[in-house]
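Visitor: sequence first, predicted coordinates after that:
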Amino acid sequence: MGKPVSIGQYLIQECYRRGARHMFGVPGDYVLEFDSLVERGPIEFVGMTREDCAGLAADAYARLRGLGVACVTYCVGGLSLTNAVAGAWAEKSPVLVISGAPGVAERARDPLLHHRVRDFSTQRDIFSHITVAIASLDDPATAYQEIDRVLHAIERYKRPGFIELPRDRVHEARAHRPRLPTLEEMTDANALSECIAEAVGMINRAKRPVILADAEVHRFGLQTALLELAAKTRIPVAATLLGKSVISERHPLYLGIYEGAMGRAEVQRYVESADCLIMLGCLMSDINLGIYTAHLDPDRAIYATSEKLMVRRHRYEDVPFRSFFKALLNAPLRRRAAPAMPKHGAVWGRQQAPDDSRVTVRALFRAVNEFLADDMVVISDIGDALFAAADLTIHRRTEFLSPAYYASMGFAVPASIGAQLANRNLRPLVLVGDGAFLMTGMELATSARRGLNPIVIVLNNHGYGTERLIKEGPFNDIAEWEYCRLPELLRSGRAFHVRTVAELRAALEAALRNTKSYSLLEVELAAGDISPALQRLGARLAQRVRGKTK
Ligand SMILES: Cc1ncc(C[n+]2csc(CCOP(=O)(O)OP(=O)(O)O)c2C)c(N)n1
Ligand SMILES: [Mg+2]
């Protein structure tokens, strides 16, 4: 502190201090000066083919490391990022967008500089709707505080933030002394002790409490605390679809995915009959709540997130999620007898289909479930790739990533790049529909360039299967690619065309051995072959689309 560093250097330094070792982006003249500063510093610039893909990679990176950074040029780059940033907002992912901008001096006569839309502030105005904090570093006197303010807000709410850096401010420098409040300073101690007393009384009185854990436990890095809480009290834990793998799915106290009537009946029964439901970091989204088939009674619930803290009908202000979690862990909660847990049925069938039979969704997911290894992170795109994956058993915690709430197609392939760069010990297993692959699958070019080795399974059911289920029509047909020729085009990678169960097994084994490049498995499925989870969801969605909801 105190030593003047330039605005650009300070921005890089603060991103690095918060865990970023990579920045994802595409260069452009308004950001080149900053890009070249990044190049000389400790953060590696990862060039992607498109800005939206850079945003998705930064999102996955953020979910695994606590901060992901996308760095792009003015408007043409930034505005292409908005959908990815909207997803990061909706699903609480701490992404920082850094956009270059015309220099402050260049704007004096209001010129029509290239990439400008309406006003020089238009890009900022748009981002102000989808980020938790924005700043334009026009004024060197306040730039450092502004950087801190945005990064602090991202960290506090696990939502994206946006910083615009005019190209003539990158090397400006001023001395500065920013100071941000600590967690203790943000916490109202009286409110905390009162709410903990109420929560503890309720939990200790309960005969059958259940914890329902969701994405915020993951985003705030509280997975170990969650395990301790469960181990200490022996309260069983269910997860939501968005929070899937927040706890190892092999943990003895793990109940399964709760998603109202969309999920497994035994999990629904167990969770909904609890006399105290401790909801930690839950997003009350339609998919998480099984298209609102969930029956969760607020009179029996403790509801804690970074934005709201309720014990039954009582609301407590100024108690950050992390403070509540820590205090609950240290509170005098009683230890219970080991609970009777519901038995998990064999979702994918006891036996694999015969070798020469055609691959079905069931056979595919059964094989993938067995194939999963400890060092894999499963990344599911929207479509049956996600719904079927709900029933995969994830071995360790935080090894399942998906856009299960915002549900924007095209997440998985770019996200696999962010995930693998966030943790080089993880091997991504990407599950993606043919429709979603057409959107962003070409980003495999970046995986190839960087020698990454994801195993990408394309579920080729010849079109928008999920949509077909809701309403069939020619708009659900898509182009048929020769997926297996991608390695030829990209001059790297291996590809396998899979039609039978035997071919599936052989391709998975070969992919596992191919550690040097990506492997792509095009799995040929019959149109109309869908997972049981999607069958339930599709029926429900179709009712809603037609306006018939109960
Ligand atoms: C960006 C985006 N556009 C459109 C949709 C609407 N949508 C939801 S699922 C789906 C079809 C997905 O097709 P595919 O990836 O082949 O998976 P499948 O449903 O066949 O399993 C579409 C078009 C969306 N979710 N996101
Ligand atoms: Mg499809």
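Guide: Happy to help now that I have it. Ligands and ions are numbered 1, 2, ... in the order given.
Visitor: ok, longest helix in this protein?
Guide: As assigned by DSSP state H, the longest helix anywhere in the chain is helix 189-205.
Visitor: number of nearby residues for the closest residue to Ser323 other than its chain neighbours?
Guide: Leaving aside its sequence neighbours, Ser323 sits nearest to Thr187 (CB to CB, 6 or more residues apart in numbering; 4.3 Å). Using the backbone N, CA and C atoms, a C-beta is placed for each residue, glycine as well. Thr187: 19 surrounding residues under other CB atoms under 10 Å.
Visitor: quick revisit: CA atoms of the next helix or strand after the longest helix of the chain as CSV?
Guide: The helix or strand immediately downstream of helix 189-205 is strand 209-213, counting by DSSP states H and E. Extracted as CSV, the C-alpha positions of strand 209-213 are listed here (Å, rounded to 0.1, in the frame of the first residue of the first chain):
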residue,chain,number,x,y,z
PRO,A,209,-34.4,-31.8,10.5
VAL,A,210,-32.9,-31.7,7.0
ILE,A,211,-30.4,-29.4,5.4
LEU,A,212,-31.0,-28.3,1.8
ALA,A,213,-27.9,-26.9,0.3
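Visitor: quick one: strand 209-213 to helix 189-205, angle?
Guide: Angle between the axes of strand 209-213 and helix 189-205 is 130 degrees (criterion: axes from the mean of the first three to the mean of the last three CA atoms, to 10 degrees).
Visitor: what pairs with strand 209-213, parallel or antiparallel?
Guide: Applying DSSP bridges, strand 209-213 is found paired with strand 237-239 (parallel), strand 276-280 (parallel).
Visitor: re the thing from before, send me the longest helix of the chain as CSV with only the CA atoms.
Guide: Output of helix 189-205 as CSV, limited to C-alpha atoms (Å, rounded to 0.1, in the frame of the first residue of the first chain):
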residue,chain,number,x,y,z
ALA,A,189,-23.6,-8.8,16.3
ASN,A,190,-26.9,-8.4,18.1
ALA,A,191,-28.9,-9.5,15.1
LEU,A,192,-26.5,-12.4,14.7
SER,A,193,-26.8,-13.7,18.2
GLU,A,194,-30.6,-13.3,18.2
CYS,A,195,-31.0,-15.2,15.0
ILE,A,196,-28.6,-18.0,16.0
ALA,A,197,-30.5,-18.4,19.3
GLU,A,198,-33.8,-18.8,17.4
ALA,A,199,-32.3,-21.1,14.8
VAL,A,200,-30.5,-23.3,17.4
GLY,A,201,-33.7,-23.6,19.5
MET,A,202,-35.6,-24.7,16.4
ILE,A,203,-33.1,-27.2,15.2
ASN,A,204,-32.5,-28.7,18.6
ARG,A,205,-36.3,-29.1,19.2
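Visitor: can you give me the distance of the residue nearest to Ser323 to Leu309?
Guide: 11 Å (CB to CB, to the nearest Å).
Visitor: for the record, mean pLDDT for stretch 20-29?
Guide: Regarding stretch 20-29, the rounded mean pLDDT is 98.
Visitor: for the stretch 451-550 of the chain, give me the ranges with low pLDDT.
Guide: 547-550 (pLDDT under 70).
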